[in-house]
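> Sequence and predicted structure below; questions after.
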Number of protein chains: 2
Amino acid sequence: MQKKIPEAAIRRLPVYLRVLDELIEDGVEVTSSADLAGRTGLSSEQIRKDLAYFGAFGTRGVGYDTCLLNRRIKKILGLTHPAKVALVGVGNLGTALIRYNLAQPKDIHITAAFDADPRKVGFRLGELEVQDPERMEQVIRSQGIKMAVLTVPAQEAQLVAEQLAVAGVEAILNFSPVKLKVPGVYVQDVDLTIELQSLAYYTNGAEAAVSGKV
Amino acid sequence: MQKKIPEAAIRRLPVYLRVLDELIEDGVEVTSSADLAGRTGLSSEQIRKDLAYFGAFGTRGVGYDTCLLNRRIKKILGLTHPAKVALVGVGNLGTALIRYNLAQPKDIHITAAFDADPRKVGFRLGELEVQDPERMEQVIRSQGIKMAVLTVPAQEAQLVAEQLAVAGVEAILNFSPVKLKVPGVYVQDVDLTIELQSLAYYTNGAEAAVSGKV
DNA sequence: CACTGTGAATTGATTCACAGCT
DNA sequence: AGCTGTGAATCAATTCACAGTG
């Protein structure tokens, strides 16, 4: 084992990945922490430190080889070959996420979709067909899926999360406004209502209210 | 002014708001930091501290009045009357967010939607009609809109953000994979590709790769 | 007595500053 | 000379522990 890696650093790796993809696309072979800083809005020290957590990828006096760094980060994230993801809950948001992913799959492929509504089962989105949740465990196991996106209504989220865990899922991206408790599974919450509501604070009206001027 | 309030605390306020709504719905009149902790997955100390940043809302030996606390948090966030939001970019994700918001508007209402695609202009979603971006500044000004959701393609994001700022928008929820630079505007990024890619790290395959076992 | 509110201690993340390669 | 890699310092957030109060 090595020194512990900040969670925040891991969440920045995909940012570097995206910028590196663009640089490689443009034929740029070498970059620097300062260049990456300009393109990401982060500081150059932070970028160097983030990368150094995983080893020394750069060359002093020169910078970072874009292709090499890209490969290294993909390896760290476990994206050397595309990761398969299951999505459960093909409502508005689930459908949008599937279409979005089918349009631009960035090393992540939604390869299975489930919905409990019988009217949705059999519905096709590109090559993807919505399946009955009955088949969930079997499909997830046979495809070796380790990640899931959860876009079901709040009251079903905990149960579905447990079923996913049983089927072998190790990480869940949870869009339901519920705190999931699933031992051994990493859960990342994305809550759009929270994002919108907390945004309101940064509006002048709210700040004024806090300092007691309204 | 008062002691500085952690950004993290502000992002937790909507969580408290949701739990309080549920408690009030169930007729519960008093709660405690320990009870809220159980319902949110946070620690009771953290909850007390978060609330104390904004003043003393509780009663020692008793707890917090659910209705009062709910009102106070709404006031802090500037949600005493529903906040109006403009959404720009009515693609898959934008449409899903509008439908989601129309279905369950939590003190936040998307009251204007814009898309540059002439085929989308005039399209109706509930009472909402997609408008030409030409009208954006005028509509945002006349409605007094201060918040916007940005779901346009990456290459248009910076320009649209600047137009929003000119129109008087003070806070943007940005779904585009671009670092926006708009002085004086608070930008909160939500990047679904980053969420998915970083999720992959928490899968056993990736962790093993980092520690060099693969 | 039970629960809040809060300084003090701790833990975690970022920034600084510079030594070390190429 | 130029840029990385990193210990030390700073800054931010969380947790601890307990005094204060209805």
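The structure has been received and is ready for your questions.
> Three-state assignment for the closest residue to A:T40 other than its chain neighbours, please.
Among residues not flanking A:T40 along the chain, A:V15 sits closest, at 5.4 Å (CB to CB, 6 or more residues apart in numbering or on different chains). In short, each C-beta sits where N, CA and C put it, glycine included. Using DSSP: H, G, I helix; E, B strand; the rest coil, the structure places A:V15 in helix.
> these two touch, right, A:V15 and B:I194?
Yes: shown here, A:V15 and B:I194 form a contact pair, counting by CB atoms under 8 Å, at 6.5 Å.
> the more surrounded of the two?
Higher neighbour count among A:V15 and B:I194: A:V15, with 25 against 19, using other CB atoms under 10 Å in any protein chain shown.
> separation between the more buried one and DNA strand D?
Distance of A:V15 to DNA strand D, computed by CB to the nearest atom of the strand, to the nearest Å: 16 Å.
> For that residue, give me its contacts.
When the contact criterion is CB atoms under 8 Å, 6 or more residues apart in numbering or on different chains, the partners of A:V15 are A:40, A:42, B:194.
> Can you give me every residue that contacts the first one?
Neighbouring residues of A:T40 by CB under 8 Å, 6+ apart: A:12, A:15-16, A:19, A:47, B:179.
> how about 7 Å then?
A:T40 makes contact with A:15, A:19, B:179 under the criterion CB atoms under 7 Å, 6 or more residues apart in numbering or on different chains.
> List the buried residues of whichever strand or helix holds the second one.
Secondary structure from DSSP states H and E places A:V19 in helix A:7-25. Within helix A:7-25, the residues scored as buried using 16 or more other CB atoms under 10 Å in any protein chain shown are A:9-20, A:23.
> buried set for stretch A:49-58?
Within stretch A:49-58, the residues scored as buried using 16+ other CB under 10 Å are A:50-51, A:53-54, A:58.
> quick one: which two of those are the most distant?
Across the buried residues of stretch A:49-58, no pair lies farther apart than A:Y53 and A:G58, at 13.1 Å, counting by CB to CB.
> still on that earlier bit, nearest to A:V121 among the contacts of A:T40?
Using CB to CB, A:V15 comes nearest to A:V121 of the contacts of A:T40, at 37.1 Å.
> what's the spacing between the closest one and DNA strand C?
12 Å.
> Number of residues surrounding the residue of chain A at minimum distance from DNA strand D?
Nearest to DNA strand D in chain A, going by CB to the nearest atom of the strand, is A:G61, at a distance of 2.6 Å. Neighbour count of A:G61, defined by other CB under 10 Å: 5.
> Helix, strand, or coil at it?
Under the three-state scheme (three-state DSSP), A:G61 adopts coil.
> cool, and A:V152?
Here A:V152 is recorded as coil under three-state DSSP.
> residues in contact with it?
A:88-89, A:160, A:176.
> What are the boundaries of the helices in chain A?
Using DSSP state H, the helices found in chain A span residues A:7-25, A:33-40, A:44-52, A:66-77, A:92-103, A:136-143, A:154-167, A:192-201, A:204-210.
> quick one: the closest residue to A:R12 other than its chain neighbours from A:Y16, how far?
Distances taken as CB to CB, 6+ apart place A:D50 nearest to A:R12, at 5.7 Å, with adjacent residues excluded. From A:D50 across to A:Y16, the span is 8 Å (CB to CB, to the nearest Å).
> A:N92 too?
32 Å.
> what's the answer for A:S142, then?
34 Å.
> picking up where we left off before, the helix holding A:V19 vs helix A:44-52, what angle?
Interaxial angle, helix A:7-25 versus helix A:44-52 (axes from the mean of the first three to the mean of the last three CA atoms, to 10 degrees): 90 degrees.
> distance between helix A:7-25 and the chain's centre?
Here helix A:7-25 is found 12 Å from its chain centre; the criterion is CA atoms, centre = their mean, to the nearest Å.
> what's A:G91 in contact with, if anything?
A:T151.
> Apply 6 Å and report the result again.
Contacts for A:G91 (CB atoms under 6 Å, 6 or more residues apart in numbering or on different chains) come out as none.
> What pLDDT does the model give it?
Per-residue confidence (pLDDT) for A:G91: 96.
> What of A:T193?
Model confidence at A:T193, given as pLDDT, is 94.
> give me the number of residues near it?
Using other CB under 10 Å, A:T193 has 19 neighbouring residues.
> Please name the nearest non-neighbouring residue to it.
Nearest-residue entry for A:T193: B:K106, 5.1 Å, with adjacent residues in sequence omitted and distances by CB to CB, 6+ apart.
> That neighbour against A:L192, yeah?
No: assessed by CB atoms under 6 Å, B:K106 is found out of contact with A:L192, at 9.9 Å.
> Get me the contact residues on chain A for DNA strand C.
A:4, A:6-9, A:42-43, A:45-46, A:48-49, A:59-62 (CB under 7 Å from any atom of the strand).
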